[in-house]
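Enquirer: Next one to model:
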Amino acid sequence: MSIEANHRKRLAMCFQMLLPLSFLLLCFPVTLFAEHMTNFSDEPIEPLHVEINEDPAKVELGRRLFNEERLSYNNTVSCAHCHDLNAGGADGRKFSVGVDGKLGIINAPTVLNSRLNIAQFWDGRAATLEEQVNGPINNPVEMGSNWEEVVTKISAAPEYKALFAQAFAGVISPDTISKAIASFERTLVTPDARFDRFLRGDEHAISAEEKRGYQLFKSYGCISCHQGMAVGGNMYEKLGVLVDYYKGRDDLTESDNGRYNQTKVEEHRHEFKVPSLRNIELTAPYFHNGSAKTLEEAVETMAYHQVGRLITHEDRDLIVAFLKSLTGKYKGADQ
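Expert: Okay, the predicted model is just below:
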(Lines give C-alpha, C1' and ligand atoms only; values in the text may rest on other atoms or scores of the structure.)
Protein backbone atom coordinates (compact mmCIF):
# COMPACT_ATOMS: atom_id res chain seq x y z
CA MET A 1 0.00 0.00 0.00
CA SER A 2 1.33 3.46 -0.93
CA ILE A 3 2.08 6.08 1.69
CA GLU A 4 -0.79 8.19 0.34
CA ALA A 5 -3.25 5.30 0.55
CA ASN A 6 -2.11 4.46 4.06
CA HIS A 7 -2.60 8.09 5.10
CA ARG A 8 -6.14 8.08 3.70
CA LYS A 9 -6.90 4.87 5.61
CA ARG A 10 -5.73 6.39 8.90
CA LEU A 11 -7.83 9.49 8.33
CA ALA A 12 -10.88 7.32 7.71
CA MET A 13 -10.25 5.39 10.94
CA CYS A 14 -9.92 8.63 12.92
CA PHE A 15 -13.16 9.90 11.41
CA GLN A 16 -14.95 6.70 12.44
CA MET A 17 -13.62 7.07 15.99
CA LEU A 18 -14.85 10.66 16.20
CA LEU A 19 -18.38 9.85 15.00
CA PRO A 20 -19.67 8.63 18.41
CA LEU A 21 -18.31 11.75 20.15
CA SER A 22 -19.88 13.98 17.49
CA PHE A 23 -23.19 12.24 18.05
CA LEU A 24 -22.96 12.82 21.80
CA LEU A 25 -22.17 16.50 21.34
CA LEU A 26 -25.20 16.91 19.09
CA CYS A 27 -27.60 15.00 21.33
CA PHE A 28 -26.69 16.34 24.77
CA PRO A 29 -26.75 19.95 25.97
CA VAL A 30 -23.41 21.65 26.20
CA THR A 31 -24.27 22.63 29.77
CA LEU A 32 -23.83 19.01 30.87
CA PHE A 33 -20.22 19.14 29.77
CA ALA A 34 -19.71 22.71 30.94
CA GLU A 35 -20.81 21.72 34.45
CA HIS A 36 -17.48 20.03 34.89
CA MET A 37 -15.61 23.06 33.56
CA THR A 38 -17.17 25.73 35.78
CA ASN A 39 -14.90 28.57 36.80
CA PHE A 40 -16.19 28.99 40.35
CA SER A 41 -14.28 32.24 40.78
CA ASP A 42 -16.69 33.85 38.32
CA GLU A 43 -19.78 33.06 40.40
CA PRO A 44 -21.66 36.03 41.91
CA ILE A 45 -21.61 34.34 45.33
CA GLU A 46 -18.22 34.04 47.04
CA PRO A 47 -17.14 31.40 49.55
CA LEU A 48 -17.04 32.73 53.10
CA HIS A 49 -13.42 33.38 54.03
CA VAL A 50 -12.86 35.88 56.82
CA GLU A 51 -9.72 36.28 58.89
CA ILE A 52 -10.39 36.86 62.57
CA ASN A 53 -7.84 39.43 63.77
CA GLU A 54 -9.54 40.50 66.98
CA ASP A 55 -7.75 40.90 70.30
CA PRO A 56 -8.59 37.76 72.33
CA ALA A 57 -8.94 39.79 75.54
CA LYS A 58 -11.49 42.09 73.94
CA VAL A 59 -13.32 39.14 72.38
CA GLU A 60 -13.65 37.36 75.73
CA LEU A 61 -14.83 40.53 77.42
CA GLY A 62 -17.29 41.09 74.58
CA ARG A 63 -18.58 37.52 74.90
CA ARG A 64 -19.31 38.09 78.57
CA LEU A 65 -21.02 41.41 77.88
CA PHE A 66 -23.03 39.93 75.00
CA ASN A 67 -24.57 37.57 77.54
CA GLU A 68 -24.80 40.18 80.32
CA GLU A 69 -28.35 40.91 81.50
CA ARG A 70 -27.16 43.87 83.56
CA LEU A 71 -27.06 45.85 80.32
CA SER A 72 -30.83 46.17 80.74
CA TYR A 73 -32.43 48.38 83.38
CA ASN A 74 -34.01 45.47 85.33
CA ASN A 75 -31.25 42.90 84.71
CA THR A 76 -33.41 40.60 82.58
CA VAL A 77 -32.37 41.15 78.95
CA SER A 78 -29.01 40.58 77.26
CA CYS A 79 -27.92 40.73 73.62
CA ALA A 80 -28.17 36.93 73.53
CA HIS A 81 -31.81 37.23 74.59
CA CYS A 82 -32.73 38.23 71.02
CA HIS A 83 -29.69 36.75 69.25
CA ASP A 84 -29.36 33.09 70.19
CA LEU A 85 -26.07 31.88 68.73
CA ASN A 86 -27.28 28.30 68.83
CA ALA A 87 -30.37 29.11 66.79
CA GLY A 88 -29.11 31.04 63.79
CA GLY A 89 -28.28 34.21 65.72
CA ALA A 90 -31.92 35.30 66.03
CA ASP A 91 -34.79 34.46 68.39
CA GLY A 92 -37.40 32.79 66.17
CA ARG A 93 -40.04 35.39 67.02
CA LYS A 94 -41.97 37.73 64.75
CA PHE A 95 -41.06 40.55 67.13
CA SER A 96 -38.66 40.27 70.06
CA VAL A 97 -39.69 40.63 73.68
CA GLY A 98 -37.78 43.22 75.71
CA VAL A 99 -37.85 44.47 79.29
CA ASP A 100 -41.11 44.04 81.21
CA GLY A 101 -42.44 41.86 78.41
CA LYS A 102 -42.64 44.76 75.97
CA LEU A 103 -43.01 43.72 72.34
CA GLY A 104 -40.81 45.22 69.65
CA ILE A 105 -42.04 46.46 66.29
CA ILE A 106 -39.46 44.89 63.96
CA ASN A 107 -38.00 41.43 63.42
CA ALA A 108 -34.60 40.85 65.01
CA PRO A 109 -32.00 40.15 62.30
CA THR A 110 -29.33 37.52 62.84
CA VAL A 111 -26.07 38.65 64.42
CA LEU A 112 -24.14 35.89 62.64
CA ASN A 113 -21.90 37.21 59.86
CA SER A 114 -23.04 40.73 60.75
CA ARG A 115 -19.50 41.99 60.18
CA LEU A 116 -20.18 41.58 56.45
CA ASN A 117 -23.15 43.95 56.44
CA ILE A 118 -22.97 47.34 54.74
CA ALA A 119 -24.54 48.74 57.92
CA GLN A 120 -26.51 47.51 60.93
CA PHE A 121 -30.29 47.41 61.57
CA TRP A 122 -32.87 46.99 58.81
CA ASP A 123 -32.78 50.70 58.04
CA GLY A 124 -28.97 50.92 58.19
CA ARG A 125 -28.97 53.59 60.88
CA ALA A 126 -25.79 52.26 62.51
CA ALA A 127 -22.70 52.38 60.31
CA THR A 128 -20.71 49.99 62.52
CA LEU A 129 -21.20 47.21 65.03
CA GLU A 130 -19.96 49.58 67.72
CA GLU A 131 -22.71 52.06 66.87
CA GLN A 132 -25.29 49.28 66.86
CA VAL A 133 -24.68 48.52 70.56
CA ASN A 134 -26.01 51.93 71.49
CA GLY A 135 -29.46 51.18 70.04
CA PRO A 136 -30.79 48.32 72.20
CA ILE A 137 -29.33 49.67 75.45
CA ASN A 138 -31.17 52.98 75.14
CA ASN A 139 -34.33 51.61 73.51
CA PRO A 140 -37.18 51.71 76.08
CA VAL A 141 -38.72 48.57 74.60
CA GLU A 142 -35.53 46.49 74.32
CA MET A 143 -33.18 47.06 77.29
CA GLY A 144 -34.68 50.29 78.61
CA SER A 145 -31.43 51.49 80.12
CA ASN A 146 -28.86 54.24 79.51
CA TRP A 147 -25.09 54.42 79.43
CA GLU A 148 -24.67 56.02 82.84
CA GLU A 149 -26.64 53.22 84.46
CA VAL A 150 -24.83 50.49 82.50
CA VAL A 151 -21.35 51.83 83.28
CA THR A 152 -22.23 52.10 86.98
CA LYS A 153 -23.44 48.50 87.19
CA ILE A 154 -20.57 47.00 85.18
CA SER A 155 -18.01 49.01 87.19
CA ALA A 156 -19.46 47.63 90.43
CA ALA A 157 -19.16 44.01 89.26
CA PRO A 158 -15.84 42.56 90.58
CA GLU A 159 -15.64 39.95 87.81
CA TYR A 160 -15.29 42.64 85.15
CA LYS A 161 -12.36 44.53 86.70
CA ALA A 162 -9.69 42.10 85.52
CA LEU A 163 -11.32 41.70 82.10
CA PHE A 164 -11.39 45.45 81.43
CA ALA A 165 -7.87 45.81 82.85
CA GLN A 166 -6.58 43.31 80.29
CA ALA A 167 -8.60 44.60 77.35
CA PHE A 168 -8.77 48.37 77.91
CA ALA A 169 -6.30 49.25 80.69
CA GLY A 170 -9.18 49.25 83.16
CA VAL A 171 -11.30 51.86 81.40
CA ILE A 172 -15.02 51.08 81.63
CA SER A 173 -17.02 53.41 79.41
CA PRO A 174 -19.68 53.37 76.67
CA ASP A 175 -16.85 53.31 74.14
CA THR A 176 -14.99 50.32 75.63
CA ILE A 177 -18.18 48.36 76.26
CA SER A 178 -19.27 48.92 72.65
CA LYS A 179 -15.85 48.03 71.28
CA ALA A 180 -15.71 44.80 73.30
CA ILE A 181 -19.14 43.62 72.16
CA ALA A 182 -18.34 44.53 68.54
CA SER A 183 -15.04 42.61 68.74
CA PHE A 184 -16.91 39.52 69.86
CA GLU A 185 -19.58 39.95 67.18
CA ARG A 186 -16.91 40.10 64.47
CA THR A 187 -15.92 36.55 65.40
CA LEU A 188 -19.46 35.28 64.76
CA VAL A 189 -18.87 33.94 61.26
CA THR A 190 -20.20 30.66 59.86
CA PRO A 191 -17.85 29.29 57.20
CA ASP A 192 -17.78 25.89 55.53
CA ALA A 193 -21.36 25.73 54.30
CA ARG A 194 -21.88 22.97 51.79
CA PHE A 195 -22.32 25.62 49.11
CA ASP A 196 -18.94 27.10 50.06
CA ARG A 197 -17.36 23.72 49.45
CA PHE A 198 -19.14 23.53 46.10
CA LEU A 199 -17.80 26.95 45.10
CA ARG A 200 -14.31 25.78 46.01
CA GLY A 201 -14.60 22.92 43.53
CA ASP A 202 -16.27 20.05 45.37
CA GLU A 203 -19.09 19.24 42.94
CA HIS A 204 -20.44 16.57 45.28
CA ALA A 205 -20.91 18.98 48.19
CA ILE A 206 -24.46 19.79 47.06
CA SER A 207 -27.09 17.66 45.37
CA ALA A 208 -28.36 17.87 41.79
CA GLU A 209 -31.57 19.47 43.13
CA GLU A 210 -29.58 22.11 45.00
CA LYS A 211 -27.51 22.86 41.89
CA ARG A 212 -30.71 23.26 39.91
CA GLY A 213 -32.07 25.50 42.66
CA TYR A 214 -28.99 27.71 42.41
CA GLN A 215 -29.45 28.06 38.66
CA LEU A 216 -33.09 29.03 39.22
CA PHE A 217 -32.02 31.46 41.95
CA LYS A 218 -29.91 33.20 39.32
CA SER A 219 -32.37 32.96 36.45
CA TYR A 220 -35.25 34.39 38.50
CA GLY A 221 -33.05 37.40 39.32
CA CYS A 222 -32.65 36.81 43.06
CA ILE A 223 -28.91 37.07 42.56
CA SER A 224 -29.17 40.79 41.71
CA CYS A 225 -29.65 41.57 45.42
CA HIS A 226 -28.28 38.45 47.07
CA GLN A 227 -24.66 37.99 46.04
CA GLY A 228 -21.16 38.39 47.42
CA MET A 229 -19.72 36.65 50.44
CA ALA A 230 -22.77 37.22 52.65
CA VAL A 231 -25.27 36.44 49.85
CA GLY A 232 -26.79 39.85 50.61
CA GLY A 233 -26.22 42.46 53.29
CA ASN A 234 -24.28 44.75 50.95
CA MET A 235 -26.99 47.01 49.52
CA TYR A 236 -30.42 48.54 50.10
CA GLU A 237 -33.55 47.72 48.10
CA LYS A 238 -37.21 48.68 48.13
CA LEU A 239 -39.63 46.01 49.30
CA GLY A 240 -41.97 45.69 46.33
CA VAL A 241 -39.79 46.64 43.36
CA LEU A 242 -42.20 45.43 40.67
CA VAL A 243 -45.41 44.69 42.59
CA ASP A 244 -46.44 47.00 45.44
CA TYR A 245 -45.96 45.06 48.67
CA TYR A 246 -47.93 47.57 50.75
CA LYS A 247 -50.99 48.04 48.56
CA GLY A 248 -54.19 47.41 50.50
CA ARG A 249 -52.41 46.87 53.82
CA ASP A 250 -53.94 48.63 56.81
CA ASP A 251 -51.46 47.44 59.44
CA LEU A 252 -48.47 49.63 58.54
CA THR A 253 -46.20 50.89 61.32
CA GLU A 254 -43.33 53.34 61.43
CA SER A 255 -40.88 50.48 60.86
CA ASP A 256 -42.41 49.87 57.42
CA ASN A 257 -40.95 53.18 56.26
CA GLY A 258 -37.47 51.63 56.26
CA ARG A 259 -34.59 53.99 55.47
CA TYR A 260 -37.00 56.90 55.07
CA ASN A 261 -37.13 57.18 58.86
CA GLN A 262 -33.44 58.09 58.85
CA THR A 263 -32.97 60.02 55.61
CA LYS A 264 -36.42 61.64 55.09
CA VAL A 265 -35.82 61.05 51.38
CA GLU A 266 -39.07 59.88 49.78
CA GLU A 267 -37.21 57.55 47.44
CA HIS A 268 -36.03 55.61 50.51
CA ARG A 269 -39.53 54.87 51.81
CA HIS A 270 -40.05 51.08 52.18
CA GLU A 271 -36.35 50.55 51.43
CA PHE A 272 -34.39 48.14 53.64
CA LYS A 273 -30.97 46.62 53.92
CA VAL A 274 -31.01 43.40 51.91
CA PRO A 275 -30.54 40.60 54.46
CA SER A 276 -27.83 37.99 54.18
CA LEU A 277 -29.16 34.58 53.18
CA ARG A 278 -26.49 32.63 55.01
CA ASN A 279 -28.10 30.29 57.58
CA ILE A 280 -31.47 31.51 56.32
CA GLU A 281 -33.20 28.20 57.04
CA LEU A 282 -32.64 28.84 60.76
CA THR A 283 -33.99 32.38 61.08
CA ALA A 284 -37.74 32.19 60.42
CA PRO A 285 -39.95 34.18 60.43
CA TYR A 286 -38.75 36.39 57.59
CA PHE A 287 -38.69 40.04 56.47
CA HIS A 288 -38.53 43.13 58.66
CA ASN A 289 -42.13 42.53 59.78
CA GLY A 290 -41.78 38.77 60.32
CA SER A 291 -44.73 38.24 57.97
CA ALA A 292 -43.39 35.13 56.20
CA LYS A 293 -43.54 32.14 58.53
CA THR A 294 -41.70 29.72 56.25
CA LEU A 295 -38.86 29.85 53.75
CA GLU A 296 -41.24 28.65 51.06
CA GLU A 297 -43.57 31.58 51.73
CA ALA A 298 -40.64 34.00 51.72
CA VAL A 299 -39.44 32.77 48.31
CA GLU A 300 -42.92 33.06 46.82
CA THR A 301 -43.32 36.59 48.18
CA MET A 302 -39.95 37.74 46.88
CA ALA A 303 -40.51 36.21 43.45
CA TYR A 304 -43.82 38.03 43.09
CA HIS A 305 -43.06 41.43 44.61
CA GLN A 306 -39.39 41.83 43.70
CA VAL A 307 -39.17 40.25 40.23
CA GLY A 308 -42.85 40.16 39.25
CA ARG A 309 -43.14 36.42 38.73
CA LEU A 310 -45.50 33.77 40.01
CA ILE A 311 -43.11 30.99 40.90
CA THR A 312 -44.11 27.35 40.51
CA HIS A 313 -44.04 25.08 43.54
CA GLU A 314 -41.37 22.98 41.87
CA ASP A 315 -39.07 25.95 41.27
CA ARG A 316 -39.79 27.29 44.76
CA ASP A 317 -38.84 24.01 46.41
CA LEU A 318 -35.63 23.77 44.38
CA ILE A 319 -34.61 27.29 45.38
CA VAL A 320 -35.38 26.49 49.02
CA ALA A 321 -33.19 23.40 48.73
CA PHE A 322 -30.34 25.59 47.45
CA LEU A 323 -30.84 28.12 50.26
CA LYS A 324 -30.47 25.37 52.84
CA SER A 325 -27.02 24.60 51.45
CA LEU A 326 -25.95 28.05 52.71
CA THR A 327 -26.08 26.93 56.35
CA GLY A 328 -22.56 27.14 57.72
CA LYS A 329 -20.71 26.27 60.89
CA TYR A 330 -20.18 28.34 64.00
CA LYS A 331 -16.95 27.39 65.76
CA GLY A 332 -16.79 24.18 63.77
CA ALA A 333 -20.26 22.98 64.69
CA ASP A 334 -23.15 22.92 62.25
CA GLN A 335 -25.66 25.68 62.84
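Enquirer: who touches stretch 259-274?
Expert: 117-119, 121-125, 225-226, 232-240, 245-246, 254-258, 288 (Cβ atoms under 8 Å, 6 or more residues apart in numbering). Bear in mind the C-beta positions are built from the backbone N, C-alpha and C, glycine included.
Enquirer: do the same with stretch 168-176
Expert: 58, 61, 130, 134, 147, 150-151, 154-155, 160-161, 164, 167, 179-180.
Enquirer: that older thread, derive a ChimeraX selection command for the buried subset of the contacts of stretch 259-274.
Expert: Buried residues within the contacts of stretch 259-274, by 16 or more other Cβ atoms under 10 Å, are selected in ChimeraX with:
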select :117,119,121,122,123,124,125,225,226,232,233,234,236,237,238,239,240,245,255,256,257,258,288
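Enquirer: What is the burial count for Thr76?
Expert: Residues near Thr76, counting by other Cβ atoms under 10 Å, number 15.
Enquirer: Which per-residue confidence value corresponds to it?
Expert: Thr76 carries a pLDDT value of 98.
Enquirer: wait, doesn't it sit right on Val99?
Expert: Yes - counting by Cβ atoms under 8 Å, Val99 is a contact partner of Thr76 at 6.2 Å.
Enquirer: and the gap between Val50 and Gly62?
Expert: 17 Å (Cβ to Cβ, to the nearest Å).
Enquirer: which one of the two has more residues nearby?
Expert: Neighbour totals were compared for Val50 and Gly62, and Gly62 leads with 28 against 15 (other Cβ under 10 Å).
Enquirer: was I right about the more buried one contacting Leu188?
Expert: No - Gly62 lies out of contact with Leu188 (Cβ under 8 Å); the separation is 10.2 Å.
Enquirer: Name the residues of the helix or strand hosting Phe322 that come out as buried.
Expert: When elements are assigned from DSSP states H and E, Phe322 belongs to helix 313-324. In terms of neighbour count (16+ other Cβ under 10 Å), helix 313-324 has its buried residues at Asp315, Arg316, Asp317, Leu318, Ile319, Val320, Ala321, Phe322, Leu323, Lys324.
Enquirer: ok, which pair from these is furthest apart?
Expert: Put simply, by Cβ to Cβ the two of these set farthest apart are Asp315 and Lys324, 15.3 Å from each other.
Enquirer: and the residue lying closest to Arg316 once chain neighbours are set aside, helix, strand or coil?
Expert: In this structure, Arg316 finds its nearest non-sequential neighbour in Val299, 5.1 Å apart by Cβ to Cβ, 6 or more residues apart in numbering. Of the three states, Val299 takes helix under DSSP: H, G, I helix; E, B strand; the rest coil.
Enquirer: Tell me the predicted confidence for Val299.
Expert: 98.
Enquirer: just Gly213 next, same as before
Expert: The confidence metric pLDDT takes the value 98 at Gly213.
Enquirer: burial of it, as a residue count?
Expert: 24.
Enquirer: how far away is it from Asp192?
Expert: 20 Å.
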